[in-house]
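Following is a predicted model, sequence given first.
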Amino acid sequence: MPAALDSLPRFLADWPDADQRQQLLEAPRHERLAVFARLKSLDESAALAPLARLADLPLATDLKPDPAGVPLLPARLVHDYQVLPILPPAAADAAALHLATVWPPDATMTDWIATCTSRPLRWHLALPDRVRQLIVENYGVGSGSLDESNSEAPFAAQETPTTATEADADAAVVRFVSDVIAQAIDDGATDIHFEPQEGQLRIRYRVDGLLVPVPVPDNLLRFQDAIISRLKIMARLNISERRLPQDGRINFKAGGDTLDIRVSTIPTIYAESVSLRLLNQKREAFTMEKLGMDEGEQAQVNRVLGYPHGIILVTGPTGSGKSTSLNAFLRQINSSDLRIVTVEDPIEYEVPGANQMQVRPEIGLSFASALRHVLRQDPDVIMVGEIRDRETADIAIRASLTGHLVLSTLHTNDAPGAITRLIDMGIEPFLVTSSIELVIAQRLVRRLCPHCTRPGPVSPAKLRDTLAILGLDPSEADQVRELGQPVGCDRCRGSGYRGRVGLFEILKPNDELHDLIVKRESSRVLDRCARAHGMRTLQQSGWAKVKSGHTTLDEVLRVITVLDK
């Protein structure tokens with residue numbers, strides 16, 4: 001619906017620069033604050049106050065949805081206008097409907113909302129990210145996309161019910177799926193799971209390593225088959241095949257970037273379950289410091305990265321950040337003097353200047369076959385995404401012994417376990433001792449939100465018990481009186497955590513360890529030897545992160561498997 005000049009907010013009608021006013025008009029509502037901030041050379045948070053002064057509207061910082069007001073507005077209207085009923089601030093008019101908006105309302109928007117309620121309207125400005133998050137929590141992701149309403153009138157369907165055509169339903173499903181993926185990207189999710197259950201279709205995101213349920217509209221089950229078919233069409237899968245698992249990929253445009261989304265389907269008792277892995281090769285790459293390595297750990301890694309040959313292994317379960325660490329190491333040594341070749345599945349980050357190869361097992365391009373050809377390419381540094389079998393391990397070790405620095409990953413619980421894993425694959429122990437220069441076991445824990453975390457008192461008795469569970473010296477609790485506690489704010493979406501930080505166990509084999517490896521000693525024996533020579537365990541790394549205020553003991557306990565050694 002085109003906005004006439006007299007329907008604009010007053011301050012915008014009086015905007016002195018016509019070109020800037022046009023930029024603001026042409027931007028979607030939820031992006032106008034960002035445009036305004038750019039015109040004022042400010043960030044969004046700083047731009048909100050001057051915008052509020054211009055529009056003569058109060059700021060809303062501590063947003064809490066109004067339980068009585070939320071049902072008054074249709075989901076489609078709320079999503080389209082990015083507006084949310086909120087509890088009134090102290091001493092405000094309680095009889096009015098207080099609304100948080102991401103941009104000052106115009107006359108058209110006010111008229112639409114006024115037809116939903118007889119209560120007087122009171123407007124407040126708020127940050128778009130927080131408003132969008134609360135809309136999703138209270139109205140569902142893209143819930144307006146499945147109400148089959150007319151796109152020109154946000155809630156026309158509620159006033160004049162009509163029978164939706166098949167084309168309308170298809171368009172609604174397309175919009176809904178796009179909304180779900182876009183919201184996952186905004187939330188920083190790494191995976192999206194569409195899980196058919198009895199009587200419902202459940203959608204969950206994985207954010208910071210945890211599964212988060214996604215609020216969805218009540219009528220979602222009715223569109224279940226159409227949603228799954230839409231995902232399969234986007235991934236170029238066979239929509240008629242519902243008995244066998246299938247794999248595919250989607251190129252999804254988000255902002256200025258194109259995401260590579262890996263799609264996997266499996267048949268379940270109710271319908272097909274679909275999982276999406278979101279990969280953004282253009283996203284900001286991590287440095288070792290940003291990974292969470294302290295100066296001592298960085299020095300250990302940098303020393304070995306300077307070697308002309310050898311193998312550096314990063315170990316840990318799926319989702320522990322192994323590929324992210326390898327990428328950080330490559331960027332650390334990347335230069336015009338080195339020829340870097342990588343073999344990955346999938347390629348998660350782009351490394352400027354590196355030659356990156358995607359394996360394709362369906363056409364015979366496995367890690368082993370790709371690595372064999374890479375050795376003919378005169379590389380200085382080789383990164384192998386994962387050592388999965390003996391053939392790949394053999395070639396990687398041969399490459400390290402012939403003058404190449406090799407970086408790769410293994411799935412083991414700790415650093416010493418990587419040594420015994422290679423021997424179990426059939427690699428001779430003397431080859432392992434000759435080639436392995438460094439093994440890094442790692443985990444990711446949620447990082448305390450820097451904006452709201454507060455130090456809080458701890459119970460010495462409980463702290464001693466927790467340290468004992470982690471296999472640490474309980475006496476370390478004696479000097480600790482307070483630790484960082486999660487609080488929750490708008491920026492961390494009320495969780496108290498924002499982002500993740502790594503825990504690292506770094507093993508540098510020495511002569512004594514070499515002798516034990518050649519004797520094929522167990523990983524427990526290797527672990528005791530490594531600890532005796534100063535290896536800091538994952539548990540000790542976690543406790544150090546807790547004391548420095550990066551995370552909490554509950555997080556460390558959640559992600560670390562405590563082994564009796």
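Arrived safely, thanks for sending.

any idea where the strands of the stretch 451-565 of the chain begin and end?
All strands of the stretch 451-565 of the chain, identified by DSSP state E, counting those that start in this stretch, fall at 454-457, 482-485, 497-507.

I440 belongs to a strand, doesn't it?
Yes. I440 forms part of a strand when assessed by DSSP: H, G, I helix; E, B strand; the rest coil.

Distance of the closest residue to G549 other than its chain neighbours relative to Y497?
Computed as Cβ to Cβ, 6 or more residues apart in numbering, the closest residue to G549 that is not its neighbour in sequence is G484, at 4.2 Å. In short, each C-beta sits where N, CA and C put it, glycine included. The gap separating G484 from Y497 is 11 Å, by Cβ to Cβ, to the nearest Å.

And those two? Which one has more around it.
Each of G484 and Y497 has its neighbours counted (other Cβ atoms under 10 Å); Y497 has more, 23 against 20.

which of the strands of the stretch 451-565 of the chain is buried the deepest?
Highest mean neighbour count of the strands of the stretch 451-565 of the chain: strand 497-507, a mean of 24 (counted as mean count of other Cβ atoms under 10 Å).

tell me the mean pLDDT over that strand?
Strand 497-507 carries an average pLDDT of 92.

for the stretch 201-350 of the chain, what spans make up the helices?
224-234, 288-291, 295-305, 322-333 (DSSP state H, counting those that start in this stretch).

Give me whichever of those helices is most buried.
Most buried of these by mean neighbour count (mean count of other Cβ under 10 Å) is helix 322-333; its value is a mean of 21.

Buried residues, whichever helix in the chain runs longest. List them.
Counting residues, the longest helix found in the chain (DSSP state H) is helix 166-186. Across helix 166-186, burial judged by 16 or more other Cβ atoms under 10 Å covers 172-174, 176-185.

Which residues are in contact with each of G484 and Y497?
Shared contacts of G484 and Y497, defined by Cβ atoms under 8 Å, 6 or more residues apart in numbering, comprise L448.

where do the strands sit along the stretch 51-200 of the chain?
Using DSSP E, counting those that start in this stretch, the strands of the stretch 51-200 of the chain run over 83-85, 97-101, 121-125, 191-197, 200-207.

nearest to R536, of the ones you listed?
Nearest of these to R536, taken as Cβ to Cβ: strand 200-207 at 28.6 Å.

Can you tell me the number of residues neighbouring the nearest residue to I266 once chain neighbours are set aside?
In this structure, I266 finds its nearest non-sequential neighbour in P245, 4.7 Å apart by Cβ to Cβ, 6+ apart. Residues lying near P245 (other Cβ under 10 Å) number 11.

right, so of the strands of the stretch 51-200 of the chain, which gets closest to D380?
The closest of the strands of the stretch 51-200 of the chain to D380 is strand 191-197. By Cβ to Cβ, the value is 34.6 Å.

Which of the helices and strands in this structure ranks last by mean pLDDT?
helix 156-159 (a mean of 39; mean pLDDT, DSSP states H and E).

and the gap between S336 and I427?
Taking Cβ to Cβ, one finds S336 at 34 Å from I427.

And for P58?
Using Cβ to Cβ, P58 is found at 68 Å from I427.

Then T342?
Taken as Cβ to Cβ, the span from T342 to I427 is 22 Å.

So if I had to pick from those two, which one is more boxed in?
T342 (24 against 20).

quick one: the more buried one and L405, what's the gap?
Distance, T342 to L405, using Cβ to Cβ: 12 Å.

And for E428?
Distance of E428 to L405, computed by Cβ to Cβ: 21 Å.

again, but for S41
45 Å.

Same check on D225?
Note on D225: its distance to L405, by Cβ to Cβ, is 51 Å.

quick one: which of E428 and L405 has more around it?
For E428 and L405, the more surrounded residue by other Cβ under 10 Å is L405, and the numbers stand at 25 against 13.

mind checking how far the more buried one is from I269?
Taking Cβ to Cβ, one finds L405 at 49 Å from I269.

What of P213?
In terms of Cβ to Cβ, P213 sits 21 Å off from I269.

same check, this time on G306
Noted for G306: a distance of 55 Å to I269, by Cβ to Cβ.

Please say which of the two ends up with more neighbours.
Neighbour comparison, G306 and I269: the larger count goes to G306, with 10 against 7 (by other Cβ under 10 Å).

Apart from its chain neighbours, what residue comes closest to the more buried one?
Nearest non-adjacent residue to G306 (Cβ to Cβ, 6+ apart): I333, at 7.7 Å.

Helices along the stretch 401-550 of the chain, start to end?
Here the stretch 401-550 of the chain has its helices, by DSSP H, counting those that start in this stretch, at 415-424, 429-435, 460-469, 511-518, 523-532, 538-547.

between those helices, which gets nearest to Q22?
helix 538-547 (49.6 Å).

Take the helices of the stretch 201-350 of the chain and write them to CSV, including distance to T409 and mean pLDDT.
Converted to CSV, the helices of the stretch 201-350 of the chain look like this (distance: least, Cβ to Cβ, whole Å; pLDDT from 0 to 100):
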stretch, distance to T409, mean pLDDT
helix 224-234, 29, 93
helix 288-291, 15, 89
helix 295-305, 15, 93
helix 322-333, 4, 92
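
Could you dump these into JSON lines with distance to W103 added?
Formatted as JSON lines, the helices of the stretch 201-350 of the chain follow (distance: least, Cβ to Cβ, whole Å):
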{"stretch": "helix 224-234", "distance to W103": "31"}
{"stretch": "helix 288-291", "distance to W103": "33"}
{"stretch": "helix 295-305", "distance to W103": "44"}
{"stretch": "helix 322-333", "distance to W103": "36"}
